[in-house]
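K.L.:
What follows is a protein structure lacking sequence information:
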């Protein structure tokens, strides 16, 4: 990394606001776990190239790695605003939205660049991934229904039922919303 850092610093002397150099240094420090130094270069890139979606995306991902989810969502939303059809930016935003407990918003973004089935699958996968990472299972903490289900038959599926708590919680949520 030392050689890359030296080359990037040399390039900055020639062109202090070069977007690729600023992002390269930000990514280099980010990968080394030096978030504070990475942020300096990502923020410089945003200041110099604020109309370019990639700078907002990279800054948003750095915030996400630091668990600063609100700032991450703000930056990633700007990247999506600048390039609304970019699936990668929408996927990044959806991932952070799910982590922030906002799966409905994540689904809306994923549905813009994927089929409904793929969007629902990806939100479910992200929710499952968070469950695996936290080690929390058999605890129901549902707060909303993702998608339009009113007036439709609802089918509840679970990969494994041991206590039934997940199924009961999901059914109660649907009942509260008048969908059962």
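P.N.:
Everything's here; your move. Fair warning: this is a prediction, and the values are worked out from it, not measured in the lab.
K.L.:
helices or strands up against the lowest-mean-pLDDT helix or strand in the chain?
P.N.:
Every helix and strand of the chain was ranked by mean pLDDT, DSSP states H and E. The lowest is helix 165-176, at a mean of 72. Counting contacts by 3 or more Cβ pairs under 8 Å, 6 or more residues apart in numbering; DSSP states H and E, helix 165-176 packs against no other helix or strand. For glycine as for every other residue, the C-beta is placed from the backbone atoms N, C-alpha and C.
K.L.:
what comes into contact with stretch 87-95?
P.N.:
Stretch 87-95 is contacted from outside by 53, 57, 60-61, 64, 73, 76-77, 79-80, 83, 106-107, 109-110, 112-114, 122-123, 126, using Cβ atoms under 8 Å, 6 or more residues apart in numbering.
K.L.:
Please point out which parts of that stretch sit buried.
P.N.:
Neighbour counts over stretch 87-95 (16 or more other Cβ atoms under 10 Å) mark 89-95 as buried.
K.L.:
From the residues you listed, pick the one nearest residue 150.
P.N.:
For the buried residues of stretch 87-95, the residue nearest residue 150 by Cβ to Cβ is residue 94; the value is 23.5 Å.
K.L.:
Report the separation between the closest one and residue 25.
P.N.:
28 Å (Cβ to Cβ, to the nearest Å).
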